[in-house]
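Trainee: structure, please.
(2 chains)
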There are 2 protein chains.
Amino acid sequence: MKKHNYSAGPCILPQEVFEKSAQAILNFNNSGLSLLEISHRSKDFVAVMDEARAIVLELLGLEGKGYQALFLAGGASLEFLMVPYNLLKEGGKAAYLDTGTWAAAAIKEAQSFGNTTIVASSKEENYNHIPKGYTVPADADYFHCTSNNTIFGTQMKEFPSLDMPIVCDMSSDIFSRQLDFSKFDIIYAGAQKNMGPAGTTLVVIKEEVLGKNGRNIPSMLDYAKHIKAESMYNTPPVFPIYASLLTLQWLKNLGGIAAIEKINNAKAALLYAEIDRNPLFKGAAAVEDRSNMNATFLLNDEVHAATFDAMWKAAGISGLPGHRSVGGYRASMYNALPLESVQVLVDVMKELEKSIQIPALSN
Amino acid sequence: MKKHNYSAGPCILPQEVFEKSAQAILNFNNSGLSLLEISHRSKDFVAVMDEARAIVLELLGLEGKGYQALFLAGGASLEFLMVPYNLLKEGGKAAYLDTGTWAAAAIKEAQSFGNTTIVASSKEENYNHIPKGYTVPADADYFHCTSNNTIFGTQMKEFPSLDMPIVCDMSSDIFSRQLDFSKFDIIYAGAQKNMGPAGTTLVVIKEEVLGKNGRNIPSMLDYAKHIKAESMYNTPPVFPIYASLLTLQWLKNLGGIAAIEKINNAKAALLYAEIDRNPLFKGAAAVEDRSNMNATFLLNDEVHAATFDAMWKAAGISGLPGHRSVGGYRASMYNALPLESVQVLVDVMKELEKSIQIPALSN
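Mentor: Numbers count the residues shown, from 1 in each chain, chains lettered A, B, ... in the order given. Presented below is the predicted three-dimensional model:
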């Protein structure tokens, strides 16, 4: 049966990425060797790394604008530490926007590192919206935000303009929508949503913001060292980077971010329309902040949960249960999820409505 | 043509690892989903992680001895920082043995972190041997060594007994030979030699050594946090861990470390015998410290280099050139390299000798 994979991450990737990466494991570039057994310094893998770093800047419209792309290991959680190490001055101050679990984790790491101000938080309302109208202290060394909140289903639609470096964790919506990416000085993202499998983290850095905080930075946490080594300071996670390149090539061939944004808008519109129309369901997040990547929604009456769960499972849908912090359901609609899969979910929601109305009428 | 892959790492892995991991990318556990698109919290992947952690302790003979195995991201280079963060006290001292490029990199990171003593070094002799007869200061917080030096072809045959935690970087020879692994308190190893593809780092920790240095440790660098989270503090590098599990299963089925050690001994004996016998070649490392994983050797007369290079390439051998710090040749004979590949190399060395002697006789 056709599967409809709504996993929140690691998540669905294009089918051709599975096929091409499996082939590379058996025989890479017709070399007779597996991608897994070649040196990361070999000509063939250096070409992969170079193309992966270049295609990122091309897709984001950042070529020739003083940016460098790195594919690091460690996960986005390591960036929570690397960002203050690289940008926070001794005695300086960092400014963070608290929009969800991952934003809070970044804040916790920065707080244990140095002086950190939370400019605004929606924690008291279980992160059901993005705070607005906040002020960022003019003397902060940088401002940090999280563009999309996977767990709560909210997404920043606007970003502040500030006279300081802006750092954004885009783990769960990078490459999904057009933005002026040159507004950001550091963008980072774990691969495992729109970019590839788990195991590598993309960091895009405007080089001019580095080397200004006067700290002694441990080698592996030093963005400048990774840039100088062309993202090969140590042995990089070869397979996750190759699979990420394949995913980015797929996106480029599709027409880039502009093309996928149209598809993502159509998927989100279809599902949110049904959430709002169907009397059995309600959305969990503030309407103006709804994420196009992760739609969180609830049954108005939990009594229908068992029926609904059986129905979507029977339709081949997986990964739909919401995170325990929100409950209900979360439909993650990353780049590789086809519109067809959203239609299947919407049809199941309509079916549930019908199945409940009929017994009601017959009583 | 059959390939004989002598790459120093990432390196050859068992053929069944390539086949099974490629299959898992297309359809994991007959789920209809790719290994790359499932949640790391799914039952199927949690089982992979649990088995990978358990098989490590089983193979090393460390079950029930207070050890925990972690599969982290970041590369062994990140452990250069994590070790002092977790073991070095404020105002304390670390003791390091300097046996090669990677030992020196670990030392550099520790030095930038705190007080670090080098107990002995073979740097002045281009690391061609393992220093012996050194004294480790009794007041050191821990002792750090590197069991095998990939670049220089040396390997520690004995380890000191000390009243302090012993930390060992076993990146390039773990799982290759029997040792009393319970002598060590922290063992770490990048996967990409004997354990799997690049992208994950194994850390084996005697839990009792943690939590004693009184430091505020950043979350992602804190071994205790990773242990508490059962190696899932953040999204782990799913594919590299799965391929590592397959490699460790292969080793277990083969008979474990005792079985592979015999094969590794046979491979090393075959090659070193030829290096010592063949008048055209000489070994680069002190005989008593020769590595069974990486044999470094040189031509006595560089004039034969072009001929030799053409001959081994024609025989399907790849990855043989030595590291620029040593020159000559390096034959990396990791677990998955078959004895047959060593025989092919030895035959080429004999062929070279013959091809040179014949014109000499005809003159």
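Trainee: pop the domain breakdown of chain A in here.
Mentor: Here chain A is described, according to automatic domain parsing, as comprising the domains A:15-254, A:256-362.
Trainee: so which of those is the most surrounded?
Mentor: For the domains of chain A, the largest average neighbour count (mean count of other CB atoms under 10 Å in any protein chain shown) is found in domain A:15-254, namely a mean of 20. To be clear about C-beta, it is placed using only N, CA and C from the backbone, and glycine gets the same treatment.
Trainee: correct me if wrong, but residue A:285 is in a helix.
Mentor: No. The assignment for residue A:285 by DSSP: H, G, I helix; E, B strand; the rest coil gives coil, which leaves it out of any helix.
Trainee: separation between the residue nearest to it when sequence neighbours are not counted and residue A:323?
Mentor: Leaving out its chain neighbours, the residue that sits closest to residue A:285 by CB to CB, 6 or more residues apart in numbering or on different chains is residue A:153, at 4.4 Å. Plainly put, residue A:153 is 9 Å away from residue A:323 if you go by CB to CB, to the nearest Å.
Trainee: now list whatever residues contact both of those two.
Mentor: Common neighbours of residue A:153 and residue A:323, using CB atoms under 8 Å, 6 or more residues apart in numbering or on different chains, are residue A:330.
Trainee: just send the domains of chain A back as TSV, with mean pLDDT too.
Mentor: Rendered in TSV, the data for the domains of chain A read as follows (pLDDT from 0 to 100):
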stretch	mean pLDDT
domain A:15-254	97
domain A:256-362	95
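Trainee: distance to residue B:341 added to those, as TSV?
Mentor: Below are the domains of chain A laid out as TSV (distance: least, CB to CB, whole Å):
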stretch	distance to residue B:341
domain A:15-254	12
domain A:256-362	40
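Trainee: tell me which of the ones you listed lies nearest to residue B:292.
Mentor: Evaluated over the domains of chain A, closeness to residue B:292 peaks at domain A:15-254, with 19.5 Å, by CB to CB.
Trainee: how far does the closest one stretch from start to finish?
Mentor: The first and last residues of domain A:15-254 sit 14 Å apart, counting by CA to CA, to the nearest Å.
Trainee: that one: how far from the chain's middle?
Mentor: On the basis of CA atoms, centre = their mean, to the nearest Å, domain A:15-254 sits 9 Å off its chain's mean C-alpha point.
Trainee: residue of the stretch 51-200 of chain A nearest chain B, please.
Mentor: Here the residue of the stretch 51-200 of chain A nearest chain B is residue A:199; by CB to the nearest CB that distance is 3.3 Å.
Trainee: next: the stretch 201-350 of chain A.
Mentor: Nearest residue of the stretch 201-350 of chain A to chain B, counting by CB to the nearest CB: residue A:237, 3.3 Å away.
Trainee: what's the closest non-adjacent residue to that residue?
Mentor: Looking at residue A:237 with CB to CB, 6+ apart, the closest residue is residue B:199, at 3.3 Å.
Trainee: could you look up the SS state of that neighbour?
Mentor: Classified using three-state DSSP, residue B:199 is coil.
Trainee: hmm, residue A:162 is touching residue A:136, no?
Mentor: Yes. Using CB atoms under 8 Å as the test, residue A:162 is close enough to residue A:136 to be in contact (5.7 Å).
Trainee: need the overlap of contacts for those two.
Mentor: residue A:143.
Trainee: good, we can wrap up now.
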